[in-house]
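> Fold the following, please.
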Amino acid sequence: MFFGGMPGGMPGGFPGGGGGMGGPPKNVDTEKLYETLGVKKDASKKDIRKAYMKLSRTHHPDKGGDEHKFKEISAAYEILSDAEKRTQYDKYGLEGVSGDDVGAAGGEDLFSMFFGGGRSRGGPRKAPSISHPLKVSLEDLYNGKTVKLAVNRKVIVGDSSECSDCHGRGSVMEMRQVGPGMIAQSQRPCHSCDGKGYHATFKKERKVLEVLIEKGMKDGERIKFSGMSDEVPKMEPGDIVFVVQEKDHGLFKRKGADLLAVKEVSLNQALCGFTWKIKHLDARDLVIKSKPGEIIKPEMNTKDALPFVKKLPGEGMPSKGNPFVKGDLYVMFRVKFPDTLPENVVSELRKLLPEPDETVEYDPMEVEEVHLTSADVRSFGKGGVNSVGSEAHESDDEDDGGRPVQCQQS
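Okay, here's the model as predicted:
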């Protein structure tokens, strides 16, 4: 509604201006973005930001909101918070900002975002999609599986009608007199349709969906069923999306198409060989053996002291889309050393193992014999004055402000 002046802002009161006069084209929607944020067209930049912050907290996907709705809110705020873009939109609608990179959607996608169906603005918009988490075992991601899931959706019974009170907007403008010759205008949800913009009768419908878990699928992948969400009048039904959530496995850890298993071996097994039987994700029994004479070391011979790792090529996860190409199965070893050994065992090992201890001649009465104690390499460099006792001594010195002691001279 306009107060004073002529509609369209053109002399003579021609709405929308005339062709060739530099005014906006006819039948251009310049209200949709304001409706998205729930503000008036003359809202201040502060009001627009306040509305955006409130809506973004409610509709953020991380808080269970609809992703499409959140994108609409973000794109609307990005345009209306920019003075130049807002002026262009107020004159030419979305056409006025179609060349801008708005919300990473690109101008061509703005019409699809707010009206559905690309630039065919007369087409129906799409209703919000619904996401469901789908917990899947590593075995099912390896072998593939079809899961039947029942979902309940709302479908329209009979015909629906646009709310005559709000004309399908879901909100109405109210005016009240706040002083002599002063009128305040505010927007509130339409009570007649509960803010929906339509009148319709719904019923619940139960659908059984066959969800295909493809071989090699990863955590976070989405399985979409188009048009299977709730029906909304004058809108295309949204999608039902199942989001894969990979369950933890008792033996294997996964990264991409590779698998990792951890094997603890005794010192005897590390030196003399080991045999390890495992059940793979396809229920095959694998017997992993070390080669004759092969030594399992505590760590790799690298500067970084990496864990000792070997692998079975082609025994990892299948690749999605090409399950015949598989990753590798890595085995990380941890060597368990005994705490102590009996003297008789030490004597035998000294004879059997290569490179025994060198014999050093010395007189115990003249040379000091010492033994090592347990230590933590993280404490290296913290000895001497940096030790705990010295730190306490230093803190005592700091109590008097670190001032030097002066001796009185006579």
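> Tell me, what's the model's pLDDT at H280?
With respect to pLDDT, H280 has a value of 96.
> So which residues of the stretch 301-410 of the chain form helices?
Along the stretch 301-410 of the chain, the stretches classed as helices by DSSP state H, counting those that start in this stretch are 343-352, 388-398.
> Which one of those helices has the poorest average confidence?
Taking the mean pLDDT of the helices of the stretch 301-410 of the chain, helix 388-398 comes last: a mean of 50.
> burial count for the closest residue to E67 other than its chain neighbours?
In this structure, E67 finds its nearest non-sequential neighbour in P61, 4.6 Å apart by Cβ to Cβ, 6 or more residues apart in numbering. From N, CA and C alone the C-beta is placed, and that goes for glycine too. For P61, the tally of surrounding residues (other Cβ atoms under 10 Å) stands at 13.
> do G293 as well
Neighbour count of G293, defined by other Cβ under 10 Å: 8.
> Now do the same contact list for it.
By Cβ atoms under 8 Å, 6 or more residues apart in numbering, the contact list for G293 is empty.
> Going forward, the N-terminal residue is numbered 55.
From this message on, residue numbering opens at 55, which makes the last subject G347.
> Next, work out how far apart it and G327 are.
From G347 across to G327, the span is 8 Å (Cβ to Cβ, to the nearest Å).
> do K272 as well
For K272 relative to G327 (Cβ to Cβ), the value is 36 Å.
> ditto for G147
In terms of Cβ to Cβ, G147 sits 77 Å off from G327.
> Which one's more surrounded, those two?
More crowded of G147 and G327, by other Cβ under 10 Å: G147, with 23 against 16.
> surely that one meets Y88?
No: contact criterion Cβ atoms under 8 Å: G147 and Y88 do not qualify, at 11.7 Å.
> Neighbours of V265, how many?
17.
> In which helix or strand does it reside?
strand 252-267 (DSSP states H and E).
> Could you point out the helix or strand that follows that strand?
As assigned by DSSP H and E, the chain's next helix or strand after strand 252-267 is strand 276-279.
> Counting by contacts, list what the next helix or strand after that next one packs against.
Moving toward the C-terminus from strand 276-279, the next helix or strand (DSSP H and E) is strand 289-290. Secondary-structure packing of strand 289-290 (3 or more Cβ pairs under 8 Å, 6 or more residues apart in numbering; DSSP states H and E): strand 179-180.
> list the contacts for the closest residue to G92 other than its chain neighbours?
Distances taken as Cβ to Cβ, 6+ apart place A105 nearest to G92, at 5.6 Å, with adjacent residues excluded. Under the criterion of Cβ under 8 Å, 6+ apart, the neighbours of A105 are L91, G92, V93, A97.
> so which of the residues you listed is the most crowded?
Using other Cβ under 10 Å as the neighbour criterion, L91 leads those with 22 neighbours.
> Just the pLDDT for the closest residue to it other than its chain neighbours.
Closest residue to L91 apart from its sequence neighbours, by Cβ to Cβ, 6+ apart: A105 at 4.5 Å. Note for A105: predicted pLDDT of 90.
> quick one: buried residues of the helix or strand harbouring A105?
Taking DSSP H and E as the criterion, A105 maps to helix 99-113. Using 16 or more other Cβ atoms under 10 Å as the test for burial, helix 99-113 gives I102, A105, Y106, L109, H113.
> before we move on, what about stretch 398-409?
Buried-residue list, stretch 398-409, by 16+ other Cβ under 10 Å: empty.
> Any chance you could list what contacts that stretch?
With contact meaning Cβ under 8 Å, 6+ apart, stretch 398-409 is reached by L395, P410, D411.
> Same list, the residues you listed, but as a markdown table with neighbour count, distance to K307 and pLDDT please.
Converted to a markdown table, the contacts of stretch 398-409 look like this (neighbours: other Cβ atoms under 10 Å; distance: Cβ to Cβ, whole Å; pLDDT from 0 to 100):
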| residue | neighbour count | distance to K307 | pLDDT |
| --- | --- | --- | --- |
| L395 | 13 | 34 | 89 |
| P410 | 10 | 40 | 80 |
| D411 | 6 | 40 | 76 |
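> which among these gets closest to G212?
Nearest to G212 among these is L395, at 86.3 Å by Cβ to Cβ.
> For L313, see how far away D194 is.
Using Cβ to Cβ, D194 is found at 15 Å from L313.
> of those two, who's got more company?
Neighbour count, other Cβ under 10 Å: between D194 and L313, L313 has more, with 26 against 19.
> hmm, back to that, can you give the distance of the strand holding V265 from its chain's centre?
When distances are taken as Cα atoms, centre = their mean, to the nearest Å, strand 252-267 is centred 27 Å away from the chain's centroid.
> Counting by contacts, list what it packs against.
Other elements packing on strand 252-267 under the criterion 3+ Cβ pairs under 8 Å, 6+ apart are strand 199-216, strand 276-279, strand 294-300.
> at 6 Å what do you get?
Here strand 252-267 touches strand 199-216, going by 3 or more Cβ pairs under 6 Å, 6 or more residues apart in numbering; DSSP states H and E.
> My understanding was that K351 contacts F362; is that so?
Yes: taking Cβ atoms under 6 Å as the definition, K351 is a contact partner of F362 at 4.8 Å.
> Touching, G147 and L87? I think so.
No: look at G147 against L87 with Cβ under 6 Å: they stay out of range, at 9.1 Å.
> Touching both of the two, which residues are there?
The contact sets of G147 and L87 do not overlap (Cβ atoms under 6 Å, 6 or more residues apart in numbering).
> Can you list the low-confidence ranges for the stretch 305-454 of the chain?
440-454 (pLDDT under 70).
> Now do I350: how many residues are near it, please.
Quick note: I350 (other Cβ under 10 Å) scores 21 neighbours.
> give me every residue that touches it.
By Cβ under 6 Å, 6+ apart, the residues touching I350 are V319, A324, F387.
> Let me have these in TSV, adding distance to M419 and neighbour count as columns.
Below are those laid out as TSV (distance: Cβ to Cβ, whole Å; neighbours: other Cβ atoms under 10 Å):
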residue	distance to M419	neighbour count
V319	44	18
A324	40	21
F387	45	20
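> Before I go, just wanted to say thanks for your time.
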